[in-house]
Every structure is written in C-alpha cells, then in structure tokens.
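**Student:** sequence-free structure coming up:
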C-alpha cells in the first residue's frame with residue numbers, strides 16, 4: 001500500500017534555480033532544503049542567521065513539516081538548526097526559512113543552493129486538554145532533569 005502524501009510546493013520569485021526539497025537516498029527520512037541567498041552569507045562562530053529556502057509549502061491538515069539539522073554540517077563544522085526541530089504548521093503559507101547557528105570554531109560560508117537543513121513530514125495528533133485537580137501517581141513522580149543519574 002502506498003502511504004505517500006502529497007506536499008504542494010511553490011517557489012518564491014527569484015528562486016527558480018533553487019532545487020525543490022528532495023530525498024537524497026531511497027531510505028532517507030528527510031528531504032534536503034537549499035539556501036536561497038543572493039550572495040554568500042558567512043556565519044561567524046556563535047552567530048545565527050535566518051536563511052531563506054525559496055519555497056512555500058501546502059501541507060495537508062493532520063501533518064507538519066519539521067526542519068532538522070544536516071548531520072554532516074553539524075559533525076564537520078558545528079553548524080546546526082537553532083530551534084531544532086523547527087515546526088512548519090499545515091496552515092502556514094509563507095517562505096520556509098531556517099535558523100542556522102555556528103557552534104564551530106571557524107567562519108562558515110553559505111552559498112546559493114547549498115543544502116542547509118532537512119525537511120521531515122510527520123503526522124500530528126490533536127489533543128483535548130482537560131483540567132483536573134490531581135494527576136495519577138507513577139514511580140517516577142515529579143523527578144526530572146537527570147533524576148536517574150548521569
């Protein structure tokens with residue numbers, strides 16, 4: 001059974017040469033997103049910038065797109081997505097943009113068309129919020145942030 005959903009994409013003016021999101025291998029979970037920059041951008045160590053991708057999406061209701069880092073950029077240069085994962089809601093129709101941060105020690109260059117992040121499509125369940133006075137007990141209880149040790 002084919003479980004493929006359709007994501008409609010339109011390019012913003014001036015991004016005609018920017019590749020559409022695409023899976024780079026058959027087993028890939030994420031599609032690569034490319035930078036839609038007019039000129040090279042540099043990220044200094046510790047600096048972050050919003051990088052446009054040149055596309056707009058129409059995502060079906062009940063789904064979201066997540067913006068995730070590319071592991072190669074993180075491992076080789078210390079560059080990652082600042083709000084990882086970024087969420088693109090199904091009703092958003094603006095240009096996709098990625099917040100990249102340079103945690104590395106060297107200046108990082110972003111060129112037009114560079115693959116800068118991944119786009120992963122995920123199913124989203126809606127929840128009903130119900131206020132009650134007391135929650136059920138568990139063994140963990142209120143333990144959090146490292147309560148089980150290092």
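**Tutor:** Right, received. Where do you want to start? On a predicted model such as this, the values are computed, not experimentally measured, just so you know. Numbers count the residues shown, from 1 in each chain.

**Student:** quick one: residue 84 and residue 69 touch, right?
**Tutor:** Yes: judged on Cβ atoms under 8 Å, residue 84 makes contact with residue 69 at a distance of 5.7 Å. Using the backbone N, CA and C atoms, a C-beta is placed for each residue, glycine as well.

**Student:** Identify the residues contacting the nearest residue to residue 24 once chain neighbours are set aside.
**Tutor:** If the residues on either side of it in the chain are set aside, residue 24 comes closest to residue 32, at 5.9 Å by Cβ to Cβ, 6 or more residues apart in numbering. For residue 32, the contact set (Cβ atoms under 8 Å, 6 or more residues apart in numbering) comprises 21-24, 70, 115, 117-119.

**Student:** Counting neighbours, go ahead and name the busier of residue 84 and residue 69.
**Tutor:** residue 69 (22 against 15; other Cβ atoms under 10 Å).

**Student:** and the more buried one, how far is that from residue 119?
**Tutor:** 12 Å (Cβ to Cβ, to the nearest Å).
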